Structure formats: C-alpha cells, structure tokens
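# This is a predicted model, with the sequence first.
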Amino acid sequence: LASSLPLPSERDHLRPRIDLIAFMVDIKSKYSLKNVEASLAHVDATFFLGKVCFLVTGVGRVNYCSVEMNAIWKLGEVYSSPVLFCELELEGIRATTAQRLVRMLQICAGHILGVSALSFGSLMRSSADD
C-alpha cells in the first residue's frame, strides 16, 4: 500500500513485480481525487492496458459527496480502466469488493488461464456500458 506515487526508489530492489494498481478515491474528499490524479502521472502507460482500476469508497453516503460522479466516470473513461464502487463500512460489501479485487489481481498476474488483463478490462468496460 502507498498513499501516493511515485514509490520511493530506495527499496526498488526489494519490491516485487506490480501486477495491479488500485487507486482509491474517497468520494467524501476532494483531496483524495486530487491525490489520485497527481499519482496517475507516475504510472507507466502500459499499466492502463488492464492493470489499473479505480476503487471509489463512501458511495453509501451520497449526501456527503465532495467529488462529482462525472469526475469519477471520466477517470475510468480517460484511462480505459474499470471503476468499482463500494462502501467499506458495510462488512458484506467490503468482503465482496475484496473478492473482486483478488480476482482482478489473479487475472492481472496471469494466474487465470485463458483470460488476460487486457481482455478482462474490456469485459469490465462493456458490462458497465450495458
């Protein structure tokens, strides 16, 4: 876990391969969105081919939103990456979201035969369009 990018370079030799980057945006914090937007500049362009997702938290409290939903959807569209919505305060939704992220990670790491990160990303986008 990192609060922002770029990652510090002093531990590069100890860092494992990065298979998936999940950017978390707290819908109640404009700073959260700004931090994600600033961090995106430090991600290699090849990661946006199925190895990046945006996880939007706090969606159960739309009355307290500081971030416009259009800004969130635009991130997914501009970076060709799926957007997942969750409410971390609810146990069931938190567990389901964790399972989805683990499944995405398995696909991105190449542990699921016959499914690539790129094809999975396009499936996620086409299901969101329906």
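Sure, I can see it.

# any low-confidence regions in the chain?
For the chain, residues meeting the criterion pLDDT under 70 lie at 61-63, 120-130.

# mind redoing it with 80?
Within the chain, the stretches with pLDDT under 80 are 1, 11, 59-65, 116-130.

# give the contact list for the residue nearest to residue 60 when sequence neighbours are not counted.
With Cβ to Cβ, 6 or more residues apart in numbering as the measure, residue 87 is the residue that lies nearest to residue 60, at 3.7 Å, once sequence neighbours are left out. Backbone N, C-alpha and C define where each C-beta goes, glycine included. With contact taken as Cβ atoms under 8 Å, 6 or more residues apart in numbering, residue 87 is in contact with 57-61, 93-94.

# how close does residue 98 sit to residue 35?
Taking Cβ to Cβ, to the nearest Å as the measure, residue 98 falls 22 Å from residue 35.

# which one of those two has more residues nearby?
Counted by other Cβ atoms under 10 Å, residue 98 and residue 35 do not tie: residue 35 has more neighbours, with 18 against 12.

# helix/strand/coil for the nearest residue to that one once chain neighbours are set aside?
For residue 35, the nearest residue in space outside its immediate sequence neighbours is residue 4; the separation is 5.5 Å by Cβ to Cβ, 6+ apart. What DSSP: H, G, I helix; E, B strand; the rest coil gives for residue 4 is coil.

# you'd agree residue 4 is up against residue 37?
No: in this structure, residue 4 sits apart from residue 37 without contact. The criterion is Cβ atoms under 8 Å, and the distance is 10.7 Å.

# Of these two, which one has the most company?
Per other Cβ under 10 Å, whichever of residue 4 and residue 37 has more neighbours is residue 37, with 13 against 10.

# what about the strands in the chain?
With strands called from DSSP state E, the chain shows them at 21-26, 52-57, 83-86.

# These into CSV, with extra columns for mean neighbour count?
As requested, the strands of the chain are exported to CSV (neighbours: other Cβ atoms under 10 Å):
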stretch, mean neighbour count
strand 21-26, 20
strand 52-57, 22
strand 83-86, 19
